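1. one predicted model, sequence on top.
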Amino acid sequence: MNSPTPHTPSGLSRMTDEELARRAAEVATSWVSATTALSQTRGWALVGLQHSGSGHMEMYAWAALETWERQLAEALATAGSDESCERIARAKDQAVRQMRDLLLDGIRRAEQLYGHREEPHRVDPRARLRDFISRNG
């Protein structure tokens, strides 16, 4: 069992994978706007949560992130009417679900790559999510 880091609220250490991924996805979704692209720093933060440290997986994580961001930004760009408010709310909900799934896949890939072995450079994907949420959420 992983103990919380000094900067991580203890409540995060009790969250399930699903809850961690959903909370991180909500933060990520809040970063997207119709007019401004994600910064490189924020993009790298999200890519780092999606891939397990495998260099070749990084390009797939970037492609998924760019598609996710583009779809959400396009929906946000339709703001204006009452109907568009509902459409935007649905698009944000869908974006949260999509990012949650990408982050859950990142946890699974890390576990497949590392298993239960103790690697000198192994980073627990759940600890990464908890740290991300505590810094940004």
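-> Happy to help now that I have it.

2. the longest helix in this structure is where?
-> Secondary structure of the chain per DSSP state H: the longest helix is helix 82-114.

3. following that helix, which helix or strand shows up next?
-> Sequence order places helix 125-136 as the next helix or strand after helix 82-114, per DSSP states H and E.

4. quick check: buried residues in that next one?
-> For helix 125-136, the neighbour count (16 or more other CB atoms under 10 Å) marks 125, 126, 127, 128, 129, 130, 131, 132, 133 as buried. Backbone N, C-alpha and C define where each C-beta goes, glycine included.

5. now, among those residues, which is nearest to residue 113?
-> Nearest to residue 113 out of the buried residues of helix 125-136 is residue 125 (CB to CB; 10.0 Å).

6. state the pLDDT value of that closest one.
-> pLDDT for residue 125: 87.

7. swap in residue 105?
-> 92.

8. list the contacts of it.
-> Under the criterion of CB atoms under 8 Å, 6 or more residues apart in numbering, the neighbours of residue 105 are residue 50.

9. so for the worst-scoring helix or strand of the chain on mean pLDDT, what gets flagged as buried?
-> Using mean pLDDT, DSSP states H and E, helix 10-13 stands out as the lowest-scoring helix or strand of the chain, at a mean of 82. Buried residues in helix 10-13, counted by 16+ other CB under 10 Å: 12, 13.

10. which strands or helices does it pack on?
-> If you count contacts as 3 or more CB pairs under 8 Å, 6 or more residues apart in numbering; DSSP states H and E, helix 10-13 packs onto helix 125-136.

11. could you dump the helix it packs on to CSV, C-alpha only?
-> Provided in CSV are the C-alpha atoms of helix 125-136 (Å, rounded to 0.1, in the frame of the first residue of the first chain):
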residue,chain,number,x,y,z
PRO,A,125,0.9,5.9,-11.4
ARG,A,126,-1.5,6.4,-8.5
ALA,A,127,1.1,8.5,-6.7
ARG,A,128,1.5,10.6,-9.9
LEU,A,129,-2.3,11.1,-10.0
ARG,A,130,-2.5,12.1,-6.3
ASP,A,131,0.4,14.5,-6.8
PHE,A,132,-1.2,16.0,-9.9
ILE,A,133,-4.5,16.5,-8.1
SER,A,134,-2.9,18.0,-5.0
ARG,A,135,-0.8,20.5,-7.1
ASN,A,136,-3.6,21.4,-9.6
